[in-house]
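Colleague: next one to model:
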Amino acid sequence: MSENTVFNELSNLITESRNPDTYDIDIMSTEEIVRLINKEDKKIARAVEQEIPYIVQAVNLITNAFKKGGRLIYVGAGTSGRLGVLDAAECPPTFGTDPDMVQGIIAGGYDALVRAQESSEDLYEQGEMDLRARRITNKDVVCGIAASQRTPYVKGALNEARNSKAKTVVVICNPREKLSYQVDVAICPVPGPEVIMGSTRMKAASAQKMILNILTSAAMIKLGKVYENMMIDLKLNSQKLIERSKKIIMIATDVDYKKAEYYLHESQGHVKSAILMALTGLNLKSVKELLQKHEGFIKKAFFAWQEIQKS
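Modeller: Residues are numbered from 1 along each chain as shown. You can find the predicted model right below:
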């Protein structure tokens with residue numbers, strides 16, 4: 001791709017344009033700078049809200065993939081890539097998922113997480129190769145993350161995903177009509193030009209972070225990994241998470257601390273099972289069978305158990 005082509009592409013992107021409200025930011029006081037950044041940040045949630053119908057479509061794709069044993073694979077470069085890796089890394093401790101279920105791929109590899117490797121975003125073929133290495137199938141969903149929509153590495157990965165018959169999603173921060181390639185779902189929040197021209201680590205990245213959080217959180221809720229508004233498949237990898245688990249059991253079942261500790265122990269550290277054990281009086285084996293029969297949802301399992309008790 002020639003320099004002129006890249007220049008022309010960037011010239012037409014909102015994420016690369018100047019923000020008329022911040023022309024004088026370089027001569028403002030510290031408080032004025034901070035207030036102006038905060039004012040611009042308020043536009044982010046509104047931009048994400050406009051994309052809710054498309055976010056819903058993406059959540060449904062991801063949920064269906066998970067139910068079939070598929071994976072969600074994030075692909076991005078720079079800040080976008082780091083956000084994908086971050087969201088993937090947070091799923092196992094929060095929702096008890098296998099690390100392979102949600103994965104993040106960043107251009108330049110894991111070294112790029114801590115030291116910028118900007119040139120790696122230009123490698124279209126490397127994007128194809130890195131995705132191919134994950135052995136993508138038609139059960140998977142590949143989500144490209146690129147503020148500008150033009151990132152060659154991400155486009156290469158999405159092309160490989162389409163060739164593998166995987167479902168494809170993209171999260172960009174430019175208008176949908178600017179998208180130059182085909183995906184199953186395009187999520188396109190447009191929070192406007194950055195406070196500092198082209199610094200997409202600011203508003204664009206914040207919009208992307210919000211969307212990725214929604215994608216995985218909503219999908220996990222749809223898989224029964226949340227009871228009411230509490231995480232119930234978390235892994236007890238720290239003292240904080242152990243104590244949080246006890247608190248969740250106490251709130252969900254109205255037992256005291258000692259009883260919560262007992263049920264957590266009897267469930268072998270599985271909060272979901274502990275809650276249902278406390279609610280029903282069943283042993284661990286019976287609770288797990290009940291949960292499996294009702295797709296892991298505590299309420300469905302509990303209501304079914306109640307009906308059995310009535311009969």
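
Colleague: identify each buried residue in the host helix or strand of residue 128, please.
Modeller: According to DSSP states H and E, residue 128 maps onto helix 124-132. Using 16 or more other Cβ atoms under 10 Å as the test for burial, helix 124-132 gives 124, 126, 127, 128, 130, 131. Placement of C-beta: from N, CA and C, glycine included.

Colleague: swap in stretch 237-254?
Modeller: 241, 244, 245, 246, 248, 249, 250, 252, 253.

Colleague: and these as a markdown table, adding pLDDT?
Modeller: Compiled in a markdown table, the buried residues of stretch 237-254 are given as follows (pLDDT from 0 to 100):
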| residue | pLDDT |
| --- | --- |
| 241 | 91 |
| 244 | 94 |
| 245 | 95 |
| 246 | 96 |
| 248 | 96 |
| 249 | 96 |
| 250 | 97 |
| 252 | 95 |
| 253 | 96 |
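
Colleague: roughly how far does the residue lying closest to residue 233 once chain neighbours are set aside sit from residue 232?
Modeller: Using Cβ to Cβ, 6 or more residues apart in numbering and skipping residues adjacent in sequence, the residue nearest residue 233 is residue 96, 3.4 Å away. From residue 96 over to residue 232 the distance is 9 Å, taken as Cβ to Cβ, to the nearest Å.

Colleague: and if you look at residue 307?
Modeller: According to Cβ to Cβ, residue 307 stands 22 Å off from residue 232.

Colleague: more neighbours: which of those two?
Modeller: Set residue 307 next to residue 232 and count neighbours by other Cβ atoms under 10 Å: residue 232 wins out with 24 against 9.

Colleague: may I have the phi/psi pair for the residue nearest to residue 233?
Modeller: Residue 96 adopts backbone torsions of phi 70, psi 30, taken as degrees, to the nearest 10.

Colleague: that one touches residue 235, doesn't it?
Modeller: Yes - Residue 96 lies in contact with residue 235 (Cβ atoms under 8 Å); the separation is 5.3 Å.
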